[in-house]
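[1] Structure of the sequence below:
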Amino acid sequence: QVKLVESGGGLVQPGGSLRLSCAASGFNLDYYAIGWFRQAPGKEREGVSCFSTSEGRPFYVDAVKGRFTISRDNGKNTVYLQMNSLKPEDTGVYYCATTHERLCPPSEYDYWGQGTQVTVSS
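    A predicted model of the protein is given here:
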């Protein structure tokens, strides 16, 4: 059984930082693409970042470029999203997801975590 568990969310002031974690079990993240998504209240879910194992590099949506960094710890089967210079518009539930594909974006994501809340507010 594949399970993805996000953690690290919370309340932070504008300009602050958070590091989200996505720990996987039942699935080896080493070989497949993995993405981070977020959903703000009343809005559709949007892709934030994706790491492609085929290309060995990350992709980011324009809104987070230069502020967010996706990284992987293969030994821990965990992916991180370092979020710096946070803005109120970054508020939302953040999800990680993975797939049996290697490119970003994949045609579909097969497995999703339950999400972690990030709130950026003074």
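[2] how about the nearest residue to Glu101, chain neighbours excluded?
    Leaving out its chain neighbours, the residue that sits closest to Glu101 by CB to CB, 6 or more residues apart in numbering is Ala33, at 5.7 Å. Using the backbone N, CA and C atoms, a C-beta is placed for each residue, glycine as well.
[3] which residues touch the one you found?
    By CB atoms under 8 Å, 6 or more residues apart in numbering, the contact list for Ala33 reads 50-54, 98-99, 101-106.
[4] Neighbours of Glu101, how many?
    Neighbour count of Glu101, defined by other CB atoms under 10 Å: 17.
[5] How about the one 3 residues further on?
    When counting by other CB under 10 Å, one arrives at 20 neighbours for Cys104.
[6] Bridged to the residue nearest to it when sequence neighbours are not counted, which residues?
    Distance criterion CB to CB, 6+ apart; nearest residue to Cys104, sequence neighbours excluded, is Cys50 at 3.6 Å. Cys50 forms beta bridges with Gly35, Phe59, as assigned by DSSP bridges.
[7] isn't Pro88 right next to Ala40, touching?
    No. The criterion here is CB atoms under 8 Å, and Pro88 misses it with Ala40 at 10.0 Å.
[8] Could you pull out the helices in this structure for me?
    Counting by DSSP state H, the chain has no helices to list.
[9] tell me which residues of stretch 77-95 are tucked away?
    For stretch 77-95, burial by neighbour count (16 or more other CB atoms under 10 Å) applies to 77-81, 83, 86, 90-95.
[10] Over to stretch 68-76?
    Buried residues in stretch 68-76 (16+ other CB under 10 Å): Phe68, Ile70, Arg72.
[11] May I have it as CSV, with CA atoms only?
    Provided in CSV are the C-alpha atoms of stretch 68-76 (Å, rounded to 0.1, in the frame of the first residue of the first chain):
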residue,chain,number,x,y,z
PHE,A,68,10.6,27.7,-3.1
THR,A,69,13.0,24.8,-3.5
ILE,A,70,12.1,21.1,-4.0
SER,A,71,14.7,18.6,-2.8
ARG,A,72,14.9,14.8,-2.2
ASP,A,73,16.5,12.6,0.4
ASN,A,74,16.5,9.3,-1.3
GLY,A,75,17.9,7.5,1.8
LYS,A,76,14.8,8.6,3.7
